[in-house]
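Chemist: here are the coordinates; sequence isn't available:
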């Protein structure tokens with residue numbers, strides 16, 4: 001069994017918990033593509049079988065979130081995992097928020113939250129932060145394509161739709177937004193509605209998946225989540241490729257979905273007309 005299960009994770013469940021449940025239900029090796037914090041909900045894509053080998057290729061896909069920010073206080077973790085530590089003297093209005101959004105969009109240098117899974121001298125940053133150690137993480141380039149103010153939820157809360165590239169921290173966005181507004185800020189709710197080809201509209205709750213008589217009905221084929229062009233090998237060339245012989249193909253250089261007689265084998269790259277595999281996902 002090779003493919004993906006798109007779980008609509010509920011708030012409170014860990015990503016590892018969902019993976020273990022899917023693994024036991026299917027009786028196959030599984031892994032998730034991009035952790036979704038327990039306090040967040042929404043799209044959690046789980047690779048089944050050899051599909052887990054595609055994670056490195058899929059990790060940088062674009063993602064869309066619905067995030068609720070409260071500008072009346074802040075916490076060390078920038079979400080509700082920790083207790084409030086600062087409070088705002090003044091609350092921003094929608095016009096002020098709209099005014100500062102353009103500066104937060106584009107390719108930016110973003111500093112990850114201290115409460116994150118980043119490593120510092122071999123230790124997780126969040127573990128150091130929980131001990132009260134001052135954590136200074138280096139910035140990294142991320143792409144934020146759009147931040148749209150959706151609605152005012154309460155006097156201090158606003159909901160946003162955020163379209164961004166892989167590796168973006170939404171909690172860092174609320175921190176940077178609050179700094180620009182001259183107030184505090186914290187993320188109080190987060191829903192991932194899209195991650196690459198995985199969409200909340202074609203997801204399944206963990207409960208429904210576990211109660212399904214035929215859980216494999218929810219399996220998304222591995223090649224369906226990839227946008228690359230297709231190249232179908234002739235049997236003799238497929239055998240030569242497995243033997244480590246690299247043949248010439250009349251194709252443009254680039255990344256391809258590779259098939260053998262319509263069976264998806266994985267992802268390959270053509271350079272100077274020569275095809276070499278980057279990832280095999282075929283049944284071995």
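Modeler: Okay, I see it. Since the structure is predicted, the reported quantities are computational estimates derived from the model, not experimental observations.

Chemist: Point me to the residue sitting closest to the centre of this protein.
Modeler: The centre of the chain sits closest to residue 34, judged by Cα atoms, centre = their mean, with a distance of 4.5 Å.

Chemist: Let me see the contact set for it.
Modeler: Listed by Cβ atoms under 8 Å, 6 or more residues apart in numbering, the contact partners of residue 34 are 44, 45, 59, 166, 195. Glycine gets a C-beta too; all of them are placed from N, C-alpha and C.

Chemist: so what does the helix or strand containing the second one touch, helix or strand wise?
Modeler: Element membership for residue 45 (DSSP states H and E) is strand 41-48. The helices and strands touching strand 41-48, judged by 3 or more Cβ pairs under 8 Å, 6 or more residues apart in numbering; DSSP states H and E, are strand 3-9, helix 15-26, strand 30-32, strand 186-195, strand 198-199.

Chemist: between these, which gets nearest to residue 173?
Modeler: Closest approach to residue 173 among the helices and strands packed on strand 41-48 (Cβ to Cβ): strand 186-195, 8.3 Å.

Chemist: got the contact list for the closest one?
Modeler: The contact list for strand 186-195, computed with Cβ under 8 Å, 6+ apart, reads 33-34, 36-37, 39-45, 61-70, 73-75, 78-80, 84, 157, 170-171, 174, 199-200.

Chemist: The strand holding residue 45 to strand 3-9, inter-axis angle?
Modeler: Between strand 41-48 and strand 3-9, the angle comes out at 160 degrees (axes from the mean of the first three to the mean of the last three Cα atoms, to 10 degrees).

Chemist: Quickly run through the sheet partners of strand 41-48, with directions.
Modeler: Partners of strand 41-48 in the sheet, by DSSP bridges, are strand 3-9 (antiparallel), strand 30-32 (antiparallel), strand 186-195 (parallel).

Chemist: is it fair to say residue 160 lies in a strand?
Modeler: Yes. Counting by DSSP: H, G, I helix; E, B strand; the rest coil, residue 160 is found in a strand.

Chemist: How about it, nearest residue that isn't a chain neighbour?
Modeler: residue 67 (5.2 Å; Cβ to Cβ, 6 or more residues apart in numbering).

Chemist: what's the answer for residue 75, then?
Modeler: Nearest in space to residue 75, with sequence neighbours left out and distances taken as Cβ to Cβ, 6+ apart, is residue 82 at 4.5 Å.

Chemist: again with residue 8
Modeler: In space, residue 8 is closest to residue 203, 4.0 Å off (Cβ to Cβ, 6+ apart).

Chemist: Poorly predicted segments of the chain, please.
Modeler: 121, 126, 129, 283-284 (pLDDT under 70).

Chemist: sec struct for the residue lying farthest from the centre of it, please.
Modeler: Relative to the centre of the chain, the most outlying C-alpha is that of residue 236, 38.3 Å out, by Cα atoms, centre = their mean. What three-state DSSP gives for residue 236 is helix.

Chemist: ok, back up a step: can I get the strands paired with strand 41-48 in JSON lines including mean neighbour count?
Modeler: Below are these laid out as JSON lines (neighbours: other Cβ atoms under 10 Å):
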{"stretch": "strand 3-9", "mean neighbour count": "24"}
{"stretch": "strand 30-32", "mean neighbour count": "21"}
{"stretch": "strand 186-195", "mean neighbour count": "22"}
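
Chemist: Using TSV, lay out the ones you listed together with distance to residue 212.
Modeler: Putting the strands paired with strand 41-48 into TSV (distance: least, Cβ to Cβ, whole Å) gives the following:
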stretch	distance to residue 212
strand 3-9	11
strand 30-32	16
strand 186-195	22
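
Chemist: nearest to residue 281, of those?
Modeler: Across the strands paired with strand 41-48, closest to residue 281 is strand 3-9 (Cβ to Cβ), at 9.4 Å.

Chemist: residues making contact with the closest one?
Modeler: With Cβ under 8 Å, 6+ apart as the test, strand 3-9 has contacts from 15, 18, 22, 26, 30, 33, 36, 40-49, 51, 198-200, 202-206, 209, 215, 218-222, 225.

Chemist: Using PyMOL, define a selection of the buried residues within those residues.
Modeler: In PyMOL, this line selects whichever of those come out buried by 16 or more other Cβ atoms under 10 Å:
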select buried, resi 15+18+22+26+30+33+36+40+41+42+43+44+45+46+47+48+49+51+198+200+203+204+206+209+215+218+219+220+222+225
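
Chemist: Run through the helices of the chain in chain order.
Modeler: Using DSSP state H, the helices found in the chain span residues 15-26, 55-58, 94-100, 125-130, 170-181, 206-211, 235-242.
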